[in-house]
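>>> Sequence first, then the predicted structure:
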Amino acid sequence: MAARMLTLEETVRLARQQSADAAVALNELKAAYWEYRSFRADLLPEVTLGADLPTYNKRYNAYQTDEGSYTYVRSNYLEAGGTLKAVQKIWPTGGTLSLSTSIDFLRQFGTGGEHRFMSVPVGITLQQQLFAANEVKWRRRIEPLRYREAKANFLADTEEVTMRAVTYYFNLLLARENLKTACQNYENAQKLYEVAKVKRQMGSISENDLRQMRLSMLQAESTLTNSQTQLNSSRFRLATYLDLPDSIDIGYEDLAADMRPRPVNYEEALERAMENNPIVLNLERRTLEADYSVATARGNQRSMSLYASVGYTGQGDAMRRAYAPLRDYQTVEVGLSIPLLDWGKRRGRVRVAESNREMVQSLARQERQSFEQNLYILVEELNNQSRQLLIAQESDSIAQRRYETNIATYLAGSISTLELNDAQQSKDQARQRRIEQLHQYWYRYYQLRSITLWDFDRNESINADIEAIVKDEES
């Protein structure tokens, strides 16, 4: 079975679609999406239908007569009822307004029993806390910000999935190049050892030099077997991460050609990060939540509530008579609770909330400073990376030519074994540095995207249709 060849671009695409990390990020997004949908639904009117199914009662109940004595009265009746109610939260004040209609039925059994209907065609009820923090107002500020943070986290996590895929990709690339180098070194070591044996027979080199060539060949063979094991392990890790069979291979010939050499301006990167980064949104949300805690603690220092209910009601021995004539009803209640002696408990809670808010604000400033510093370093490293890669490429080419020249020179007897080994080590290290510099470039490139959520190549924001993604997964 032929190995499937993967480019870096295809590896990135598969990681975003099929990796376990991408699935975790998507599930976190779905949870945040439905949580936000629940919050939005909570702001809309809620309509409920309640029904009391027919209930039959036959028992004795205690009854106090006019003289003050108690006796028992037999009750034997059937009752049922239903209510239709709509409840709406009042956004500006945080209160609750409800509109309801209901009908109740009572059937008495026994001698002189009759049945009655009682209706409430319309009833309006208001419940309002007068000094408490307006939970609806604060949630309308916090929850949209929390959802924006969740969407930004999803996009950032997607870029971090790409960063992990890039690391696995270049680990495999490095392992394959190490194996290729190890094969070449082992073949050269075998040839040089055969030449050394001939030279020893001719007396051109010492026995110690021959032993050194034998030792170099054994070391090359050991490196070859280790490189093969490392290649198999790296291939398995990448295939597992991409949820693919382990019969895959990769190429790197086009990686340098696809580089984005355009320098990134730090001020532009900082502006994009402040607009899009989930850490910035998280700091803003935590500050708002701290303000809400202070407002809640202050509102709990005293309590005053208002309850008002108005409407019409009627009753009769038939359902139509329960709706005519109607009588109005009103209920108004005002409750007041003022602590006279609480030993500073409520004031202490306010002070604690204020201290926590100051702590959150201080931490937010520190985290923002650290965030800006890390972003500055990343931009500088990315801008410098293109030059580092050119240096690594030229060093690799020079080291390769130097090694080939030293082999020919050694065969001519002009240099020692130590000089030849030094040239080989320099060649191997130069090839590794070249691949590592490629890795560092692409890793930092996607790291900057994950922080700013901005595509600097296309000069556009990294966006996704979150609702479509969630709905597609649900369907």
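In hand now; what should we look at? Residues are numbered from 1 along each chain as shown.
>>> which residue sits closest to residue 336 in space, ignoring its chain neighbours?
Spatial nearest neighbour of residue 336, excluding adjacent residues (C-beta to C-beta, 6 or more residues apart in numbering): residue 304 at 5.0 Å. Glycine gets a C-beta too; all of them are placed from N, C-alpha and C.
>>> My reading is that that neighbour lies in a strand. Confirm?
Yes - counting by DSSP: H, G, I helix; E, B strand; the rest coil, residue 304 falls inside a strand.
>>> All the strands of this structure, residue numbers only.
Assigned by DSSP state E, the chain shows strands spanning 4-6, 46-64, 70-89, 96-108, 115-129, 248-250, 303-316, 327-337, 454-455, 460-461.
>>> what angle sits between the third one and strand 96-108?
So the one you mean is strand 70-89. If you take axes from the mean of the first three to the mean of the last three C-alpha atoms, to 10 degrees, strand 70-89 sits at 150 degrees to strand 96-108.
>>> Same list (the strands of the chain) but as JSON lines, adding mean neighbour count and distance to residue 137.
Shown next, in JSON lines, are the strands of the chain (neighbours: other C-beta atoms under 10 Å; distance: least, C-beta to C-beta, whole Å):
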{"stretch": "strand 4-6", "mean neighbour count": "15", "distance to residue 137": "52"}
{"stretch": "strand 46-64", "mean neighbour count": "10", "distance to residue 137": "19"}
{"stretch": "strand 70-89", "mean neighbour count": "14", "distance to residue 137": "10"}
{"stretch": "strand 96-108", "mean neighbour count": "17", "distance to residue 137": "14"}
{"stretch": "strand 115-129", "mean neighbour count": "17", "distance to residue 137": "12"}
{"stretch": "strand 248-250", "mean neighbour count": "17", "distance to residue 137": "55"}
{"stretch": "strand 303-316", "mean neighbour count": "16", "distance to residue 137": "18"}
{"stretch": "strand 327-337", "mean neighbour count": "10", "distance to residue 137": "22"}
{"stretch": "strand 454-455", "mean neighbour count": "18", "distance to residue 137": "33"}
{"stretch": "strand 460-461", "mean neighbour count": "11", "distance to residue 137": "30"}
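>>> Next, format these as CSV and append mean pLDDT and distance to residue 224.
Output for the strands of the chain, formatted as CSV (pLDDT from 0 to 100; distance: least, C-beta to C-beta, whole Å):
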stretch, mean pLDDT, distance to residue 224
strand 4-6, 82, 24
strand 46-64, 88, 72
strand 70-89, 90, 72
strand 96-108, 91, 77
strand 115-129, 88, 78
strand 248-250, 78, 19
strand 303-316, 86, 80
strand 327-337, 75, 83
strand 454-455, 88, 42
strand 460-461, 86, 48
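>>> among those, which is nearest residue 31?
strand 46-64 (22.5 Å; C-beta to C-beta).
>>> Now residue 114. Its backbone dihedrals?
Note on residue 114: its backbone torsions stand at phi -150, psi 170 [degrees, to the nearest 10].
>>> residues touching it, list them.
Shown in contact with residue 114 (C-beta atoms under 8 Å, 6 or more residues apart in numbering): 108, 317.
>>> just the one 10 residues further on next, same as before
Residue 124 makes contacts with 97-99, 309-311, as judged by C-beta under 8 Å, 6+ apart.
>>> likewise residue 313?
Residues near residue 313 by C-beta under 8 Å, 6+ apart: 118-121, 123, 326-329.
>>> let's see it at 7 Å
With contact taken as C-beta atoms under 7 Å, 6 or more residues apart in numbering, residue 313 is in contact with 118-120, 326-327, 329.
>>> ok, now residue 181?
Counting by C-beta under 7 Å, 6+ apart, residue 181 touches 428, 431.
>>> Next, work out how far apart it and residue 170 are.
Residue 181 sits at a distance of 16 Å from residue 170 (criterion: C-beta to C-beta, to the nearest Å).
>>> Same check on residue 179?
15 Å.
>>> Show me the residue at the heart of the chain, geometrically.
Among the residues of the chain, the one closest to the centroid is residue 153, at 4.3 Å (C-alpha atoms, centre = their mean).
>>> Could you double-check that that residue lies in contact with residue 276?
No - in this structure residue 153 lies outside contact range of residue 276 using C-beta atoms under 7 Å: 11.1 Å.
>>> okay, and for the stretch 151-300 of the chain, where does confidence drop off?
Judged by pLDDT under 70, the stretch 151-300 of the chain has its weakly predicted residues at 251-262.
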